[in-house]
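Trainee: structure of the sequence below:
(one chain, ligands or ions: 2)
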Amino acid sequence: MPDSTPGLEVRNLTKRFGKIVAVNDVSFDIQSGEFFSLLGPSGSGKTTMLRMIGGLETPDAGEIVLEGERITFLPPEKRDVNIVFQNYALFPHLNVFDNVAFGPRRRKWPEDKIRKEVTKLLEMVHLRGYEEKYPRQLSGGEKQRVALIRALILKPKLLLLDEPLGALDLKIRQALQLELANIQYEVGITFIYVTHDQSEALTMADRIAVMNKGRILQIGTPKEIYEHPSDRFVANFIGNTNLFEGVVKKVNGEDVRVDVPGLMELWGIASEKYAAQLRPSVRVAVSVRPEKMRISRNKPEKPGYNLVQGVVEDVIYLGVSTEFLVKLPNGQMVRVFAQNISQENELWTITWDEPVWVYWRPHRSLVLAGEEKES
Ligand SMILES: Nc1ncnc2c1ncn2[C@@H]1O[C@H](COP(=O)(O)OP(=O)(O)OP(=O)(O)O)[C@@H](O)[C@H]1O
Ligand SMILES: [Mg+2]
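Mentor: Residues are numbered from 1 along each chain as shown. Ligands and ions are numbered 1, 2, ... in the order given. Next comes the predicted model:
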């Protein structure tokens, strides 16, 4: 795990392309040895951020500090940083060995040291015996493993990866996700991993920064981001969620009573900071994860729970769990996940068009800002 030295500090970084603000006043710190992921939809500024850290793009404002050294305007070859892109970028006329040995040869490493290091790294990515093959003879996954060790051999302080597995199909991608996380742990180099795939970020990263429209909305561990999203964009982008639009009726510390017009009144919780800003009649959104909701044919005896009636629209059996789509009286659909624990359970018999009750504990409802912030 990371020690206390900040590996990388990014301060108020901004980049414009004409009228587009691709990265908008962004600040964050990364610890040495951390696996950090930048996660966001297409166009949110991830690649632009990475290119500024790598020296391929000049910021309009702000600073980048790598292990105490200000590198904001250094050319790429003067920073101890390397980049792996989505599309391999191996030298087609060099075989695997020579591709990996390219950097060390330019640095005039002795040939026996090169052979030793290249062999060690090929072993690490299970490519011993591939030394003489050319890139055109490799699969996508193999090419990307070569690109990775070629970027690692000079032991940069920081490795930037821009959707490195994006071009691979699902099975290979999942296998390489685990391999990559292990390699990062082994070599101990700080990684910044860009992806728009939330499951990839959740699987691999120590911490995730969620980006949208050039800004970072939240930074946290996968668990923090999933369990305590800071706003509705994050709640929606990471995993599935059910959102209820409503207005505040009452605030009691962090407990908030919300009226969802035409549907129900419910209790939820807000973060301490957000609760302090809430007053009756403020518009909010309430987020409830599908696995936190329960479903039942008969009205449950659960005093204090949030409770609403609906009709089952769809039942999807998923092996470990079943997903129910329930239509509520206001026309809204909610998604409920139930674990398939026992065949004696009434869940096995609930089916299409049945009236059901959906209920959940108040502290499973997160009260978030009602409208997306304008950027
Ligand atoms: N060289 C450029 N010239 C003009 N506009 C650019 C340039 N590079 C990026 N942009 C714009 O900046 C914004 C951010 O782009 P960026 O490539 O950083 O997004 P991204 O998060 O990496 O998206 P994706 O997931 O699609 O790769 C977009 O609106 C994009 O059109
Ligand atoms: Mg990109």
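Trainee: buried residues, stretch 165-184. List them.
Mentor: Under the neighbour-count criterion of 16 or more other CB atoms under 10 Å, stretch 165-184 has Leu165, Gly166, Leu168, Arg173, Leu176, Gln177, Glu179, Leu180, Ala181, Ile183, Gln184 buried. Bear in mind the C-beta positions are built from the backbone N, C-alpha and C, glycine included.
Trainee: hang on, Arg16 packs against Gly45?
Mentor: No - counting by CB atoms under 8 Å, Arg16 does not reach Gly45; the two are 10.9 Å apart.
Trainee: quick one, what contacts the closest residue to ligand 1 within the stretch 101-250 of the chain?
Mentor: Of all residues in the stretch 101-250 of the chain, His196 sits closest to ligand 1, at 4.6 Å by CB to the nearest ligand atom. The contact partners of His196, by CB atoms under 8 Å, 6 or more residues apart in numbering, come to Leu39, Gly40, Pro41, Ser42, Ser44, Lys46, Glu163.
Trainee: give the contact list for Lys249.
Mentor: Listed by CB under 8 Å, 6+ apart, the contact set of Lys249 reads Arg257, Val258, Asp259, Glu265, Pro280.
Trainee: on that earlier part again, of Arg16 and Gly45, give the one with the bigger neighbour count.
Mentor: Each of Arg16 and Gly45 has its neighbours counted (other CB atoms under 10 Å); Gly45 has more, 24 against 15.
Trainee: contacting residues around that one?
Mentor: If you count contacts by CB under 8 Å, 6+ apart, then Gly45 has Lys15, Ala22, Val23, Asn24, Val26, Met211, Lys213, Gly214, Arg215 around it.
Trainee: quick check: domain ranges of this structure?
Mentor: For the chain, automatic domain parsing gives the domain ranges 6-233, 240-369.
Trainee: rebuild those as CSV, extending it with mean pLDDT.
Mentor: Putting these into CSV (pLDDT from 0 to 100) gives the following:
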stretch, mean pLDDT
domain 6-233, 94
domain 240-369, 94
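Trainee: tell me the most buried of those?
Mentor: For those, the largest average neighbour count (mean count of other CB atoms under 10 Å) is found in domain 6-233, namely a mean of 18.
Trainee: now do the same end-to-end measure for that domain.
Mentor: One end of domain 6-233 sits 28 Å from the other (CA to CA, to the nearest Å).
Trainee: what residues does stretch 89-96 touch?
Mentor: 98-99, 102, 122, 127, 130-136, 138, 143, 146-147, 150.
Trainee: if you set the cut-off to 10 Å instead, what comes out?
Mentor: Contact with stretch 89-96 is made by 83, 98-102, 118, 122, 127, 129-138, 142-147, 149-151, as judged by CB atoms under 10 Å, 6 or more residues apart in numbering.
Trainee: cool, stretch 58-70 as well?
Mentor: Here stretch 58-70 makes contact (CB under 10 Å, 6+ apart) with 5-17, 21-23, 25-27, 29-30, 32, 48-49, 51-55, 71-74, 79-81, 156-158, 190.
Trainee: distance from the chain centre to the helix or strand hosting Phe337, please.
Mentor: Element membership for Phe337, per DSSP states H and E: strand 333-339. Centroid separation between strand 333-339 and its chain, computed with CA atoms, centre = their mean, to the nearest Å, is 23 Å.
Trainee: now stretch 21-35
Mentor: Chain-centre distance of stretch 21-35: 14 Å, with CA atoms, centre = their mean.
Trainee: try stretch 295-311
Mentor: Centroid displacement of stretch 295-311 relative to its chain, using CA atoms, centre = their mean, is 33 Å.
Trainee: can you check stretch 16-24 too?
Mentor: The chain centroid and the centroid of stretch 16-24 are separated by 23 Å under CA atoms, centre = their mean.
Trainee: do the same with stretch 220-236
Mentor: With CA atoms, centre = their mean, you get 10 Å for stretch 220-236.
Trainee: so how far is the first residue of that stretch from its last?
Mentor: Span of stretch 220-236 from end to end, CA to CA: 16 Å.
Trainee: could you number the chain from 664 rather than 1 from now on?
Mentor: Shifting the count to begin at 664 puts that one at stretch 883-899.
Trainee: quick one: strands adjacent to the one helix or strand Ile693 maps to?
Mentor: Using DSSP H and E, the element containing Ile693 is strand 683-694. Partners of strand 683-694 in the sheet, by DSSP bridges, are strand 669-680 (antiparallel).
Trainee: is any residue of the partner strand near ligand 1?
Mentor: Yes - using CB under 6 Å from any ligand atom, strand 669-680 comes into contact with ligand 1 via Phe680.
Trainee: pull up the overlap in contacts between Arg679 and Gly708.
Mentor: Common neighbours of Arg679 and Gly708 (criterion: CB under 10 Å, 6+ apart): Ala685, Val686, Asn687, Gly877.
Trainee: how about the last one, what does it touch?
Mentor: Going back to what we said before, that points to Gly877. Gly877 neighbours (CB under 10 Å, 6+ apart): 676-679, 683-689, 703, 706-709, 711-712, 1038.
Trainee: surely Val673 touches Leu821?
Mentor: No - contact status for Val673 versus Leu821: not in contact, 11.5 Å apart, counting by CB atoms under 10 Å.
Trainee: so what sits against both of those two?
Mentor: By the contact definition CB under 10 Å, 6+ apart, Val673 and Leu821 are jointly contacted by Ile693, Ile716, Leu729, Ile855.
Trainee: which residues does the second one contact?
Mentor: Pointing back at Ile716 there. 671, 673, 676, 693, 701, 722, 727, 729, 734-735, 742, 744, 746, 821, 823, 855.
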